[in-house]
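Novice: Here is the input, now give the coordinates:
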Amino acid sequence: MLKVMLVDDEVLVRLGVKSLIDWEKHGFQYIGDAPDGNEAWNMIERNPPDILLTDIVMPNMNGLELIEKVKNAFPYVRIIVLSSHNEYSYLRQAMKMGVDDYILKTSLKPQELLELLLETANKIAKSNKEIQERITRGEETGDDQRAKFAEWIWQLIDNRQTDAALFPEAFSGNNYLMLMQIHRNETVLSAENQGIRKTLHNLIELELKKWTNGYVVPYKEFEILLLVSFESEKDHGLPRLSDIGKDLIIAAKRFLNISATIGISHPFSQPEEIGKAYLEAKSALQLYFFDGKENVYAYPIDSVNRQTGQLFTKEDEQKVIAAVERIDEDGIKQVTHAIFDKISNCKGPLDKNIEVCLQLLHCFQTGFKPFVGEELISDLEAEGPLYKQILCFEELSEARQWFDRLIETFCARARAAISESYREDIHRLILNMKSDFAANWSLKTAAAMVNMNESYLSYLFKKETKTSFTEYLTKLRLEKATELLINTNLPIYLIAEQVGYDNVNYFGRVFKKVKGVSPHHFRERFQKK
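Specialist: Purely as a prediction, here's the structure:
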């Protein structure tokens, strides 16, 4: 399906054109319309059409301005002008700018417009065929010099000893390194599929030549380097580099259905600086994890708003574990979302973000294991081990959604496991005790909660849990007290209060009876380790 977009400030024209043609029947997809050039440009940047139908005289941004922007940024887009009788001078300008054809709005007939669209579609097909042939010919014309140049660039990036002046023609006073990342889900670029890799390489070379002098160098399995040089400062700049990058990304998607993102380095002049330029481009490129793939990102990166500090703190871990113990799905998600918000605000290196995701996974697996066991955890790995799924994350939104699904699955299975182990009323009571163990619990308040008498609850609780109500509550409180003694410097009297004991001396006696040492000596013993 060739994508068609319409731009016209007359609402009746937009409605009429949209309804004139059975688009899909004839191989077209009508992707939308806009009342002026500004709105159209925003739509085109997000989803470029194959064919653009545009009026000339419009508010905000007129058709000529829109045509110029589209031709500069998306040169493959075919443009048909919708003209009025009194717009001949504008139409002549548009034809000089390279539009494909025009049609008069006043005499617009469905069959005439369809024939014009089909004619344009044939031009696109012919052009695509020629490009494919040129790409294929490019594969057959590779030589040793290209391989030597690639090896030289690799040596410079890796700081291996080499002659920095070996290829002087490759550098001018205004050089940029563009790093193209081919996203990992594009398995066509696996090591076994060298044909596609060569085709992509030739396609990028072909597209780059339309814009400027440059060299295309394969690097790592999913990376391609583009060394771009400009002869004068007025010919370059980030807007132009961004247009080049967008064109390359669109070409890869259009001809090979390959998804890519590009990072651009700071300008440099000497071959010895290419290693630094690679790191800059890599740093800029990794912004796709936060702001989306198939975009162009440039260095230097604005770091003013970056947050510093640990992304997954001990406090975060304790909150996760506490929420898991209560099987509090909303609570677990709340803590997890807060961690991802910190990642988003920090915009740090990709490997650090993946490391946080792995830590979070380990925390979940440890917390849910008592409920669901190893086997129930392992059967979530139909798409591969969970840690490997995390290593393949390419966007923060993907990580958020993946963890939400994981939390929902773990919680559902934990609730099912508990309901199989305990009666529903005892299960509900246990969750309440875990959620608020510091409350003023007694057998009487617990019995009222589950609507049964105290003696029967005492009997039933011990039958279901193999321990008494009081022993179970004490265990919950002392587990939390132990955690606070190890991980905080809170005074012992405050710890006693936080876990539900008003009398610190009584807390000390209970703790020593169960743990064998006083809270003070327990903390000292741990700190000496």
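
Novice: just the helices in the stretch 151-300 of the chain please.
Specialist: For the stretch 151-300 of the chain, helices defined by DSSP state H, counting those that start in this stretch occupy the ranges 194-209, 238-256, 274-285, 288-291.

Novice: Between the ones you listed, which one is closest to Gln29.
Specialist: Gln29 lies closest, by CB to CB, to one member of the helices of the stretch 151-300 of the chain: helix 238-256, at 14.0 Å. Using the backbone N, CA and C atoms, a C-beta is placed for each residue, glycine as well.

Novice: domain assignment for the chain?
Specialist: Per automatic domain parsing, the structural domains of the chain span 2-136, 155-298, 314-420, 424-528.

Novice: nearest to Gln145, of these?
Specialist: The closest of these to Gln145 is domain 155-298. By CB to CB, the value is 9.3 Å.

Novice: Of the domains of the chain, which is nearest Ala147?
Specialist: Each of the domains of the chain was scored for nearness to Ala147 using CB to CB, and the closest is domain 155-298 (10.0 Å).

Novice: show me the contacts for Leu248.
Specialist: For Leu248, the contact set (CB atoms under 8 Å, 6 or more residues apart in numbering) comprises 178, 180, 204, 207-208, 226, 260, 262.

Novice: cool, Lys319 as well?
Specialist: Lys319 sits in contact with 331, 335, where contact means CB under 8 Å, 6+ apart.

Novice: and it, what element?
Specialist: helix 314-325 (DSSP states H and E).

Novice: Pull the distance from that helix to the chain's centre.
Specialist: On the basis of CA atoms, centre = their mean, to the nearest Å, helix 314-325 sits 26 Å off its chain's mean C-alpha point.

Novice: same deal with stretch 97-105?
Specialist: The answer for stretch 97-105 is 39 Å, by CA atoms, centre = their mean.

Novice: Mean confidence (pLDDT) on it, please.
Specialist: Mean pLDDT, stretch 97-105: 84.

Novice: With stretch 239-257 instead?
Specialist: Per-region confidence: stretch 239-257 scores 88 on mean pLDDT.

Novice: Same list, the domains of the chain, but as TSV with distance to Arg146 please.
Specialist: Listed next are these as TSV, based on distance: least, CB to CB, whole Å:
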stretch	distance to Arg146
domain 2-136	15
domain 155-298	9
domain 314-420	30
domain 424-528	58
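
Novice: about what we covered before: okay, the contacts of Leu248 in TSV with distance to Lys333, pLDDT and neighbour count next?
Specialist: Listed next are the contacts of Leu248 as TSV, based on distance: CB to CB, whole Å; pLDDT from 0 to 100; neighbours: other CB atoms under 10 Å:
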residue	distance to Lys333	pLDDT	neighbour count
Met178	39	94	27
Met180	36	95	25
Ile204	42	90	23
Glu207	44	87	22
Leu208	45	88	21
Leu226	41	93	22
Ala260	33	93	27
Ile262	34	96	27
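
Novice: Next, give me the two most distant ones among those.
Specialist: It's Leu208 and Ala260 that sit farthest apart of those, by CB to CB, at 13.4 Å.

Novice: At the geometric centre of this structure, which residue do we find?
Specialist: Residue closest to the mean C-alpha point of the chain, counted by CA atoms, centre = their mean, is Glu395 at 1.4 Å.

Novice: Please look at it and Tyr288 and confirm they touch.
Specialist: Yes. If you go by CB atoms under 8 Å, Glu395 and Tyr288 touch, sitting 7.1 Å apart.

Novice: Do you have the helices of the stretch 301-450 of the chain handy? List them.
Specialist: 314-325, 329-346, 350-378, 386-391, 396-421, 424-435, 443-450.

Novice: Using JSON lines, please lay out those helices together with distance to Ile196 and mean pLDDT.
Specialist: Compiled in JSON lines, the helices of the stretch 301-450 of the chain are given as follows (distance: least, CB to CB, whole Å; pLDDT from 0 to 100):
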{"stretch": "helix 314-325", "distance to Ile196": "42", "mean pLDDT": "83"}
{"stretch": "helix 329-346", "distance to Ile196": "33", "mean pLDDT": "91"}
{"stretch": "helix 350-378", "distance to Ile196": "25", "mean pLDDT": "81"}
{"stretch": "helix 386-391", "distance to Ile196": "23", "mean pLDDT": "86"}
{"stretch": "helix 396-421", "distance to Ile196": "24", "mean pLDDT": "85"}
{"stretch": "helix 424-435", "distance to Ile196": "53", "mean pLDDT": "79"}
{"stretch": "helix 443-450", "distance to Ile196": "64", "mean pLDDT": "88"}
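
Novice: Just name the most buried of those.
Specialist: Ranked by mean neighbour count under mean count of other CB atoms under 10 Å, those are led by helix 314-325, which reaches a mean of 19.

Novice: for Asn453, what are its contacts?
Specialist: Asn453 makes contact with Ala447, according to CB under 8 Å, 6+ apart.

Novice: measure Glu497 to Phe522 for me?
Specialist: 18 Å (CB to CB, to the nearest Å).

Novice: ok, the two, which is more surrounded?
Specialist: Phe522 (19 against 16; other CB atoms under 10 Å).

Novice: Test my guess that that one contacts Gly508.
Specialist: No. In this structure Phe522 lies outside contact range of Gly508 using CB under 8 Å: 10.3 Å.

Novice: What ranges in the stretch 1-150 of the chain fall below the confidence cut-off?
Specialist: 85-87, 131-144 (pLDDT under 70).

Novice: So which residues of it form strands?
Specialist: Along the stretch 1-150 of the chain, the stretches classed as strands by DSSP state E, counting those that start in this stretch are 2-7, 28-34, 51-55, 78-83, 101-104.

Novice: Next, format those strands as a markdown table and append mean neighbour count and distance to Phe469.
Specialist: Below are those laid out as a markdown table (neighbours: other CB atoms under 10 Å; distance: least, CB to CB, whole Å):
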| stretch | mean neighbour count | distance to Phe469 |
| --- | --- | --- |
| strand 2-7 | 22 | 67 |
| strand 28-34 | 18 | 65 |
| strand 51-55 | 24 | 74 |
| strand 78-83 | 22 | 77 |
| strand 101-104 | 16 | 84 |
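
Novice: possible to save those strands as a markdown table with distance to Ile339?
Specialist: As requested, the strands of the stretch 1-150 of the chain are exported to a markdown table (distance: least, CB to CB, whole Å):
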| stretch | distance to Ile339 |
| --- | --- |
| strand 2-7 | 39 |
| strand 28-34 | 37 |
| strand 51-55 | 44 |
| strand 78-83 | 47 |
| strand 101-104 | 55 |
